[in-house]
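J.: My questions concern the predicted model and sequence given below.
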Amino acid sequence: MILELLVTATVLLSGNSCAAVDNAQNKTVWNSPTVKLTTTHYTDRGDFLFHEARMPNDPDTVLAIIHAEDTLLEGPPGHKVVIRCVTPTNPPYVIGGNGNHDHD
């Protein structure tokens with residue numbers, strides 16, 4: 001419940017799309033001004049996390065989830081709780097020639 005409160009408060013205060021991951025519980029939470037609060041568990045597949053809940057259609061929320069997961073997978077193993085937010089943009093992201101995306 002703490003992750004849900006943290007994500008909800010961050011979205012309300014910032015107006016951004018946000019996601020948090022707790023690897024001790026294999027739990028991910030995401031929310032945005034346009035996406036309802038979602039709590040789900042995941043399976044760690046090494047380079048990515050496989051969520052039980054469907055990913056949202058909102059690109060900013062998807063980017064927040066991806067950035068939270070990328071941060072989680074960085075550094076040494078151990079208990080981590082990370083939260084990442086993506087500022088709403090128009091367009092939400094731009095795909096580069098190498099498949100990377102640029103955004104604010």
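T.: Noted; the coordinates are in hand.
J.: Is the closest residue in space to residue 53 that isn't next to it in sequence within a helix or a strand, and which one?
T.: Once flanking residues are discounted, residue 53 sits nearest to residue 40: 3.6 Å by C-beta to C-beta, 6 or more residues apart in numbering. C-beta here means a position set from N, CA and C on the backbone, and glycine is covered the same way. Assessed by DSSP states H and E, residue 40 sits inside strand 38-44.
J.: buried residues in the helix or strand immediately after that strand in the chain?
T.: Following strand 38-44 in sequence order, the next helix or strand is strand 49-51 (DSSP H and E). By 16 or more other C-beta atoms under 10 Å, the buried positions in strand 49-51 come out as 49, 51.
J.: now swap in stretch 50-62 and tell me
T.: 51, 56, 58, 59, 60, 61, 62.
J.: measure the spatially most central residue of the chain to residue 48 for me?
T.: Central residue of the chain (C-alpha atoms, centre = their mean): residue 65, 1.8 Å from the mean position. Distance, residue 65 to residue 48, by C-beta to C-beta, to the nearest Å: 11 Å.
J.: hey, where'd the strands end up in the chain?
T.: Along the chain, the stretches classed as strands by DSSP state E are 17-22, 27-31, 38-44, 49-51, 81-86, 94-95, 101-102.
J.: Please write out the alpha-carbon positions of the helix ranked longest in the chain in CSV.
T.: As assigned by DSSP state H, the longest helix anywhere in the chain is helix 59-73. Extracted C-alpha coordinates of helix 59-73, given in CSV (Å, rounded to 0.1, in the frame of the first residue of the first chain):
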residue,chain,number,x,y,z
PRO,A,59,2.8,6.3,-23.8
ASP,A,60,3.9,8.5,-20.9
THR,A,61,2.9,5.9,-18.4
VAL,A,62,4.6,3.1,-20.4
LEU,A,63,7.8,5.2,-20.5
ALA,A,64,7.6,5.8,-16.7
ILE,A,65,7.3,2.0,-16.2
ILE,A,66,10.2,1.3,-18.6
HIS,A,67,12.4,3.9,-16.8
ALA,A,68,11.6,2.5,-13.4
GLU,A,69,12.5,-1.0,-14.6
ASP,A,70,15.7,0.2,-16.2
THR,A,71,16.8,1.9,-13.0
LEU,A,72,15.8,-1.3,-11.0
LEU,A,73,18.0,-3.5,-13.2
